[in-house]
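Chemist: Any chance you could fold what I've pasted below:
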Amino acid sequence: MEMKIKIKRMREGAILPKYQTAGAAGFDFHACVDEPVTLKPGEIKNFPVGVGVEIPDGYELQVRPRSGLAFKNQVTMLNGIGTIDSDYRGEMHVSLINFGKEDFVVEPGMRIAQGVINKFEKIEWDEVEELSETKRKGGFGSTGLKA
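Modeler: Just a heads-up that it's a prediction; the model follows:
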């Protein structure tokens, strides 16, 4: 059984996200802009996607970069992965950065990001004086393996 998520078009011309293939984990978000927008090398711009969602408690919507956009054009999301929480009801936006050497044009309706719904667990911190030992050696950023 598929999960149903409420979605609302927040702008005229907004394209609802959809899966591109039957086996896709992520669905695409489209730029909801009235005209092409140029993203110069090193420039960051925020793009509306024209929709708002109602995520159930215990779930998040992860907004992720599109690998093809990053590989082919060196354009990706500024924050890597964004989270839409269950209590957010506003319009979603995607901040893009151009790491390339050429201008990149975001066209109206262009697929600029993808989303995945994830279940998560709420936690309660249990502050202690000591943590248990493990076999791992080495510090932050190292598993102790030698290159």
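Chemist: ok, which stretches of this protein are strands?
Modeler: Under the criterion DSSP state E, the chain contains strands at 6-9, 18-19, 27-30, 37-39, 44-48, 51-54, 59-64, 75-77, 82-84, 93-98, 104-106, 111-119.
Chemist: Outside of the second one itself, list whatever touches it.
Modeler: Contact partners of strand 18-19, identified using Cβ atoms under 8 Å, 6 or more residues apart in numbering, comprise 26-28. Backbone N, C-alpha and C define where each C-beta goes, glycine included.
Chemist: Check what pLDDT the closest residue to Val33 other than its chain neighbours gets.
Modeler: Leaving aside its sequence neighbours, Val33 sits nearest to Pro108 (Cβ to Cβ, 6 or more residues apart in numbering; 5.2 Å). pLDDT for Pro108: 98.
Chemist: And Leu145, by the same measure?
Modeler: Taking Leu145 on its own, its pLDDT is 58.
Chemist: what do you get for Glu2?
Modeler: At Glu2, pLDDT is 86.
Chemist: distance of the residue nearest the centre of the chain from Ala113?
Modeler: Nearest to the mean C-alpha position of the chain, by Cα atoms, centre = their mean, lies Val63 at 1.8 Å. Counting by Cβ to Cβ, to the nearest Å, the gap between Val63 and Ala113 amounts to 5 Å.
Chemist: What is the burial count for the nearest residue to Lys45 once chain neighbours are set aside?
Modeler: Once flanking residues are discounted, Lys45 sits nearest to Leu39: 5.7 Å by Cβ to Cβ, 6+ apart. For Leu39, the neighbour count with other Cβ atoms under 10 Å is 20.
Chemist: Am I right that Leu39 is in contact with Val106?
Modeler: Yes: with contact defined as Cβ atoms under 8 Å, Leu39 counts as touching Val106 (6.2 Å).
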